[in-house]
Each structure stands twice: as C-alpha cells, then as structure tokens.
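Colleague: Any chance you could fold what I've pasted below:
(chains A and B)
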Amino acid sequence: MQASKFVLWVSIGLAIAFATSSCEKTIVQDKVYDNVIYDLGNQVVYTSASQKAKQKTATQYLSILYADLKQTTIPNNELTNLSQVNLGFGDKGLVNEILVSHYMNNPGVVLPTAAYMRSNLDQFITDTYIRFYQRKPTSYELYGLRKLITDDPNMTPELVYSSFALSDEYWFY
Amino acid sequence: MKRRSFVKKAALATTGAILAPYILPSGRLFASTGSRVVNHVVFVLFAGGLRNQESIEQQFTATQTGFSIMGNIMNNMLSGNAPLSNPIFTPWSPILTSPLSTQGSLFQELRYAQGPTGHYNGHTVAMTGNYTNTGLNLNINPDMPTLFEYYRKHTNPNKSAVNAWWISEGLGPYPSLNFSRHPLYGPQYGANYINPSTIFEGYGQQYLSDAKTYQPDDVQRMKTVKDFLNKSFHRAANEMPGVHNDAADSVNIKQFMADTYAKLANNTLPLPTPGGSRASLTGDLTNIAYSWQVLETFKPELTVINTFNLDVCHSDFSSYLEYTHRADYGIGWLWNKIQSTPGLANDTVMICMPEHGRNLSPNAIIDPYGMRAFDHTSDANSRRLFALMVGPNGKIKSNQVFGSNTAPVGETIDIVPTIAHLLGFYNDIPSGMLPGRVLTEALV
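Modeller: Model prediction:
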C-alpha cells in the first residue's frame, strides 16, 4: 500500500510537471515604429513630413548638418567644439544660420554645380529633399521648387541647400 | 426692451469675463510705460564670491595670520587709501578720478538671507528676485521669471530681445539664466545671451568669424525658398525653446558679430586694461570688453553681465585679491565708456553686487604667499555683501552709504524690484511675484 501510494503521488507529480513544462510560453514583444520608413537606395525615407514630431537636440542638429553638407561624419572634437559654440549663444537659429554660411564659405561642402541643377532639375530637387529631409518631395513641392529655381536664373544649389538646412522641417525628425 | 437689455448685459458680462484675467494689479488693462527713472540699466554681478572683509572693510591681507596690511584694492568703486605696500601684485592706477561710491549710493551691508550661497543660486536670486534652494542644475532654466522677462512682458510698447542682454563670463549653467520655465513668462520674453569667451575668443572665432556675407538679393532668395519649404511643414522652428530674434534684429546681430570679429582681427577692440594691453586681460575683463561692444552697438535698455574669476579664492587667496583689483578696474573702465557715449551717458544706472560672500573661516589650502583660502558654504559671513548704485545726478543719490553689519539694509532679492522701478514697469508686475522691495534709499 505504501509503495502504491508513493507511485501514485510520483505519477501525479510527473504529470503536473509534464503539463506545465509543455505549456506554450507566450512572449509579447512590442515593436514601436517611430516612423514608417522605406529604403530608397541607401537612404531611409519618411513617407510624409507629418511623421516628424520630435525636435532635434543641438548636438543632433549639428552632427546631421555636418553630415548632410559634407557627406561624411563629423569628427568628435568638432562636434564638441560646435556644441560649446551653440551653448554660448542664446538665439540658436541665428547662430546656426551663421554656422551654415561658415560651411558654405569653406571647402568640404559637397555641392552640385548650377549647370547640373538646371539640367537635372527634378532629380536635383528629389535628391535635395532626400538629403535634408529623408523623404521625397510631394508633387506640389516638386512643382513649387522647380518653379522657384526655373524662374530665377541666379538661384544656386548653395542657396537651396542653405534654405533647407535652416528650414523648420530640418529641426525635426 | 427686455430682450435688448438682456443682450446688452450678456455682452458686457462676456466682455468682462474675457478681459478680467488680463487686468493688472494696478487696475489697468494694458501695461503702460510707467515713469522711468532712466532708459538704461546695467547690472554687474561682481561674482565669484567676494567677502566684505576684502571689499567694504578694506582689510586686504589683514585677516591672514602673520599679515597685517590694510588698504583698498577696489579704488574705482570704493573710497579709501590703497595698501601702503603690496607684496602680492602690482596695482593699477585707478581709471576714475573719483570712485563710484562717491558718485552714487553704497549699500555696504546687504544680505543674502536665504538658501545656499552657491554661485548658481546667487545668480538666480539676483536675476529673479526670489530666493531659491535649487542647486547646480546644469542647463535648466529657473522656476521664477527672470528680470528680462518682467522687462519684456511688462514694458509698453513691447521691447524686442535686442534690448535685453545677459552676458556671462563662463558657460556651465549660466546660459540658462536668460529666461525661466514660468508658465506665464518664458523664452518669448527672454534676453539675448552671449558668452564672449566662447563666441569671440574661443571656438566661435573658428566657426563663426568667416561666415559668408550674402548680398541682399541672395538673402531674399534663401528666404523665398525657406518660406516655401516652411509652408509644407506643420511645426515652426520658433516653437523650439530659446530666444528668437526677428529678421531685422537678426541682421543687426550678425553685423555686430562681423564687426566685432573685424575689430579683433585688426587689434582695434577697446580693452579694459591700462594701455589697452591684451596681455593683462583676465576672463572678467574679457567679458567686460565684449559687454561694452554690446552696449555701444545696441544701447540695450537692460544689460546684465557678470565677472567670475574671484572664485579662485577656493584655493588661492592672493590671486583672489588680484582678480578683485583687476575687475574693479574693469568696472571703472565700463562706467567711463558709458558716460562718454551719447545715448547712454546720463541716462544709465549701473548696479554692482556680488552674488554672495565667502566664509569667515578659511579652509586648509595655503597659497604660494602663505595665505589661507576661503570657501562659501552658507555661513553668516557668506551672506554679507554689498550693492553699489550709480547713475545720473538728480536721479541717484551721490556719496551715500546705507547699512552696517549690525543693521543691514537691503537684500539681494531687492535688485530686481529696484531695476523694475528704474525702468518703469514695477507696478505692472503681478503682485506676489517679487518678495523684495525697491531700494528707494538710493533714489532722489
């Protein structure tokens, strides 16, 4: 009797252990997408400007600006120095405006020529939107900017790039 | 008739309900430009922690064991004979023919009554008019409105940010003092902020001095494209925290920076040192030099600047004495400049005050001259300081001294109300915001 009771309890225990170990473990993984993005070449692209709700920090702005203008990563010491300059002036928009014009006045900015811009206008505009905004222009934006450039023979890639770098959307991601 | 009467009363009630929250404590609907004493105020925080022993009491080295030389090392700000001998530094001859204390009013025993005597606290209290227990919060704006915000919100007609400047000797938490986090005020009423040692002497020179100057046509082209781009975006960069200047002021500020870099390059920048020697510049004097550039260019109505080198006293008492002497020269130089510039002369009040004092007892650090250093850890002595107010004849009393160690007059929280009174907006500040008072003793 003693032995049969022992076997019974062992059997019940094993059955419970088997039952619990065989339960399917549910793992819940939340995937949060900041923005829906698609690959276009090697660039990530927003589907629209309205997906940008977060404001860049000063450091983000400075490093992204450098990368967008020079097509290379900003050196650490330069980012540190520029962050200090940014901290030392109250009107951040104004100091960044001066900084952009500093870059434009120095070698290193990767700029297409005016001739290229005019002979490949739609491509230039699309590339510029992707470069600075990480999205394609809407048809309205493509039309509008094409008209602004076409109507003004003195509009240059430098002025267009500066405008993008200092526009409202460029401050957000 | 009843219907007409009802409609009339309802309209009046609605109008009243809408306007009531905007009625000022003075009973007026809109802020009015009160009667101003002057049109310009320069507030110098003679900061870094200065003891009354070395300033007002003119004890020089006499508080140090084995040293007994007395004398005034602030001979541009205070009356009194210089030390008969000076083994520590070569004194500079005063730049003023008579010290500022004889030209104005000296509150020689003012109190920092509450809160820790830390640099950030001291600056915050002086610039908000409210005591605070908030310690060193890096890059966090104060809770209570700053002097700049009261000025810009309550001055009528409203003044742009180019009329208000905060110019600090160093960075650290100080860039955050140009506006507060107060929900009724904030960055839209803030001051322009600049740290000249970074912008003009440091990395700013490398990154900002060679900025391209675009022709007006090109500026307009960029504006056209930028406006077009901004139309397609739902948020404005103006929503970002910080002070924003309008287009016209931005142009002027950029021109100011270009001009200042040019003066620097051409070695034509006026310097607050004997003979304009660049080698004699300290951090404090550098800040005063560029502050003058701001004052001369914009003639702001409200300018706050600070000095800070005196904080070397934590480890080097002798250098503290020397920096005090040099900064005093800078204040005299600045006042001379103000008084010789049309638009500022005879229409400016300058107030100088340390942010707090330092301890009565020294710490254990001994400098190369064998003198003990002093910290500032909220003892009674570190709450003793002074304020010097100087201004036009007939506006600020001259050669007046107020307070004594046993009967102090004034607190650091009184400077904001006093400046608000001088610029004519004190009565428009909502009641309960400022616990201090106007230092009327100094006013004619």
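Colleague: which stretches of chain A have low pLDDT?
Modeller: Within chain A, the segments meeting pLDDT under 70 span A:1-44.
Colleague: least trustworthy helix or strand in chain B by mean pLDDT?
Modeller: Lowest by mean pLDDT, DSSP states H and E among the helices and strands of chain B is helix B:2-19, with a mean of 52.
Colleague: can you give me the helices for the stretch 51-200 of chain B?
Modeller: Assigned by DSSP state H, counting those that start in this stretch, the helices in the stretch 51-200 of chain B fall at B:100-103, B:119-128, B:147-154, B:196-199.
Colleague: In the following helix or strand past the last one, which residues are buried?
Modeller: It refers to helix B:196-199. Next helix or strand after helix B:196-199 toward the C-terminus (DSSP states H and E): helix B:203-208. By neighbour count with 16 or more other CB atoms under 10 Å in any protein chain shown, helix B:203-208 contains the buried residues B:203-205, B:207-208. (Glycine included, C-beta is placed from N, CA and C.)
Colleague: and chain A, which of those residues contact it?
Modeller: B:203-204, B:207-208 (CB under 8 Å from any CB of the partner chain).
Colleague: Greatest separation within the residues you listed: which pair is it?
Modeller: Pairwise distances across these (CB to CB) peak at 8.6 Å, for the pair B:Tyr203 and B:Leu208.
Colleague: which residues do the two both contact?
Modeller: Common neighbours of B:Tyr203 and B:Leu208, using CB atoms under 8 Å, 6 or more residues apart in numbering or on different chains, are A:Val85.
Colleague: on that earlier part again, now pLDDT too, for the ones next to chain A among the buried residues of helix B:203-208, in a markdown table please.
Modeller: As requested, those are arranged in a markdown table below (pLDDT from 0 to 100):
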| residue | pLDDT |
| --- | --- |
| B:Tyr203 | 94 |
| B:Gly204 | 94 |
| B:Tyr207 | 94 |
| B:Leu208 | 95 |
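Colleague: Kindly reformat the residues you listed as CSV and extend each row with distance to B:Thr102.
Modeller: Below are these laid out as CSV (distance: CB to CB, whole Å):
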residue, distance to B:Thr102
B:Tyr203, 42
B:Gly204, 39
B:Tyr207, 45
B:Leu208, 42
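Colleague: closest to B:Thr65 among the residues you listed?
Modeller: Taking those together and measuring to B:Thr65 by CB to CB, the closest member is B:Tyr203, at 43.7 Å.
Colleague: In contact with that closest one, which residues?
Modeller: Contacts for B:Tyr203 (CB under 8 Å, 6+ apart) come out as A:81-82, A:84-85.
Colleague: so where does the closest residue in space to it that isn't next to it in sequence fall, helix or strand?
Modeller: Once flanking residues are discounted, B:Tyr203 sits nearest to A:Asn81: 4.2 Å by CB to CB, 6 or more residues apart in numbering or on different chains. When elements are defined using DSSP H and E, A:Asn81 is found to belong to helix A:76-87.
Colleague: so what does that helix touch, helix or strand wise?
Modeller: If you count contacts as 3 or more CB pairs under 8 Å, 6 or more residues apart in numbering or on different chains; DSSP states H and E, helix A:76-87 packs onto helix A:58-70, helix A:92-104, helix B:196-199, helix B:203-208.
Colleague: Out of these, the one nearest A:Trp171 is which?
Modeller: helix A:58-70 (6.7 Å).
Colleague: hmm, back to that, as TSV, the helices of the stretch 51-200 of chain B with distance to chain A, mean pLDDT and mean neighbour count would be great.
Modeller: Output for those, formatted as TSV (distance: least, CB to the nearest CB, whole Å; pLDDT from 0 to 100; neighbours: other CB atoms under 10 Å in any protein chain shown):
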stretch	distance to chain A	mean pLDDT	mean neighbour count
helix B:100-103	29	97	21
helix B:119-128	14	96	25
helix B:147-154	10	98	25
helix B:196-199	3	97	22
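Colleague: now those helices as CSV including distance to B:Phe179?
Modeller: As requested, the helices of the stretch 51-200 of chain B are arranged in CSV below (distance: least, CB to CB, whole Å):
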stretch, distance to B:Phe179
helix B:100-103, 30
helix B:119-128, 10
helix B:147-154, 6
helix B:196-199, 19
